[in-house]
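Asks: Predicted structure and sequence below. I'll ask about it afterward.
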Amino acid sequence: MTVRRQQHGPVCVVTIDRPEVRNAVDRATAEALESAIATAETDADTRVVILTGAAGTFCAGADLHALDDPVRRNRLEPDLRGPMGPTRRHPAVPVIAAIEGHAVAGGLELALWCDLRVVARDAVLGVFCRRVGVPLIDGGTVRLPRVVGLGVALDLILTGRAVDAEEAQRIGLATRIVDPGAALSTALEFATQLAALPQITLRADLASARAAFDRPLPEALLAEHDGGMAAIGAGGMLEGVRRFQAGEGRHGQELEVPPTA
């Protein structure tokens, strides 16, 4: 089982559980993650969802080692199921990310899909997929500017640099910073507070705030998909992925840029 769902009264905790690959997401995990979120969303007793990762890591992104396996590689179809799972869904209830360790590449996109982010003080966030030429097609280019503003978002998107918790809070990416190991317990306290509030108006305001941008989110997400797929089709990520599969760029280390790049 790569995804676990546990109910804490009105709060549903969904946990990505692939610690051997730092909770990287392949197709089966993405499908299990989407299913868990859909189940929580339709549960009348669930008022808040928490998304987290097992064993001290939120999510290292898509599982690039599954790329060559047509059964395991992430979906790339332009529909309402994202490659990482639930990233094109719009649950009526608030979703909180409880982030320990790394939330990078597609893992950052999952964190951005959440409405609020509780971040451990030693956590690392970033568009690390920039380093291997993988485009953002799970909402990163759409949601990150909405969270931190276009200028800061472009800095993170174009450089792929690491962002620590303090900077994440300063730019608005982290809602709250907590001691290492306390992200989930703090998110549970946070979620319990939200669950105790009047729900009809809370959900109405949540929906209004999410929609308060010029371009409809579903349209922007599918436009992002089209651009990312064009980049993949042009060979924009193959070389970097092959180098990662060969062992370069592990544990947050930067890949050397080839002289001809």
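Replies: On my side now, so go ahead.
Asks: For residue 96, see how far away residue 207 is.
Replies: 17 Å (CB to CB, to the nearest Å). Any C-beta I mention is one placed from the backbone N, CA and C, and that applies to glycine too.
Asks: Compare the two (neighbour count), which wins?
Replies: residue 96 (27 against 12; other CB atoms under 10 Å).
Asks: got a pLDDT number for the more buried one?
Replies: The pLDDT attached to residue 96 in the predicted structure is 98.
Asks: And for residue 21, the neighbour number?
Replies: Using other CB under 10 Å: residue 21 sits among 18 other residues.
Asks: That one is in contact with residue 63, isn't it?
Replies: Yes: applying CB atoms under 8 Å, one finds residue 21 in contact with residue 63, separated by 5.9 Å.
Asks: Helices of the stretch 151-261 of the chain, residue ranges please.
Replies: Shown for the stretch 151-261 of the chain, the helices assigned by DSSP state H, counting those that start in this stretch span residues 165-171, 183-195, 199-211, 217-233, 238-245.
Asks: Tell me the buried residues in the longest one?
Replies: Just to be clear, that refers to helix 217-233. Residues of helix 217-233 classed as buried by neighbour count (16 or more other CB atoms under 10 Å): 217, 220, 221, 222, 224, 225, 228, 231, 232.
Asks: where exactly do the strands run in this structure?
Replies: Using DSSP state E, the strands of the chain run over 3-8, 11-16, 48-53, 95-99, 102-104, 116-120, 124-126, 163-164, 176-178.
Asks: Same question for the last one: list its buried residues.
Replies: Spelled out, it's strand 176-178. Neighbour count says strand 176-178 has 177, 178 buried, by 16+ other CB under 10 Å.
Asks: what does it contact?
Replies: Residues outside strand 176-178 that contact it (CB atoms under 8 Å, 6 or more residues apart in numbering) are 116, 117, 118, 119, 120, 121, 165, 166, 168, 169, 186, 190.
Asks: What average pLDDT does that strand get?
Replies: pLDDT averaged over strand 176-178 gives 98.
Asks: Could you do stretch 41-60 as well?
Replies: 97.
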